[in-house]
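1. quick check, what structure comes out for this input:
(one chain, ligands or ions: 1)
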Amino acid sequence: MHSEQDTEHLTTRRYMLKMLGGALAFSLLPQMTSPADVLAANDEGKSMNIVVLTGSPHRQGTSALLADEFIAGASSKGHTIVRFDTAFEKVGFCRACYYCNEHNGECIQKDAMQKILPEILSADMLVLVTPLYYFNMTAQLKTVLDRLMPQRVALRKHPLKSAMLVTCGSNTDWNMDAIMAHYKVLQQYLPWEDQGVVLAKNVFARKDIEGTGYPPAARALGEGL
Ligand SMILES: Cc1cc2nc3c(=O)[nH]c(=O)nc-3n(C[C@H](O)[C@H](O)[C@H](O)COP(=O)(O)O)c2cc1C
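-> Next up, the predicted model:
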């Protein structure tokens, strides 16, 4: 997990790099571009459409708290959030029938993906929130990712920003390795541009996470966008 201090440090570093980049642009393009044009081209501060996908069957669980805090932070900065709690949506498993290949990206199954997929296709950022189940995301959340299949070509042409919030009961140091490896290859394939992760360990139930640094870290991640 990035601690609150780390998150602050990363955010500050990212901001400073953008400032340096902006200064460089000003010095290289004085004749062609006004400072106002350069600032307008910089997407910092641009209001984004953010889709949050949660994966827990606990509406008031540990990961739901991180989702709530991230959303509060991002909303406070003017971003628009659409949240789907996948454990409570009717989403069938991908049947690998490849009907979509013959039907212009249309899925043969008519279920909640008909509302979820268009939101992801038109989003600027996707946030995955999940408890750790056997070292990876829950099947409920993974099912939604599998069902991106019909629109994989369109999605790969549409880079998204991304973030991931994970909670788990154990405190072993290798606990999050598999889910982080998965997140990394998803970033590479889709492609996603990571904005940060919060990995909350040793939080089996709601009372374990309340009062820790994890909810503020999730809020800071949202606020820092
Ligand atoms: C099916 C299942 C698998 C789990 N697997 C892991 C695991 O691999 N590692 C771990 O540390 N905790 C594991 N846990 C514990 C949960 O990750 C932990 O309780 C989490 O805080 C629950 O989040 P929630 O309240 O948002 O549902 C598992 C729990 C369940 C029900």
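2. pretty sure Val82 contacts Val52?
-> Yes - at 7.2 Å, Val82 counts as touching Val52 under the criterion of C-beta atoms under 8 Å. (Glycine included, C-beta is placed from N, CA and C.)
3. these two - which one has more neighbours?
-> Neighbours were counted for Val82 and for Val52 using other C-beta atoms under 10 Å; Val52 has more, 23 against 15.
4. surely that one and Ala67 touch.
-> Yes - in this structure, Val52 is within contact of Ala67 by C-beta under 8 Å, at 5.8 Å.
5. what's the nearest residue to the residue in the chain that the ligand sits nearest to if we skip its chain neighbours?
-> Per C-beta to the nearest ligand atom, Gly61 is where the chain lies closest to the ligand, at 2.2 Å. Using C-beta to C-beta, 6 or more residues apart in numbering and skipping the chain neighbours, the partner closest in space to Gly61 is Arg206 (6.1 Å).
6. now do the same contact list for the one you found.
-> By C-beta atoms under 8 Å, 6 or more residues apart in numbering, Arg206 lies in contact with His58, Gln60, Gly61, Thr62, Leu65.
7. next, count neighbours for the first one.
-> This points to His58. Neighbours of His58 under the rule other C-beta under 10 Å: 16.
8. that one in helix, strand or coil?
-> The three-state label given to His58 by DSSP: H, G, I helix; E, B strand; the rest coil is coil.
9. surely it and Ala64 touch.
-> Yes - taking contacts as C-beta under 8 Å, His58 lies within contact range of Ala64: 6.3 Å.
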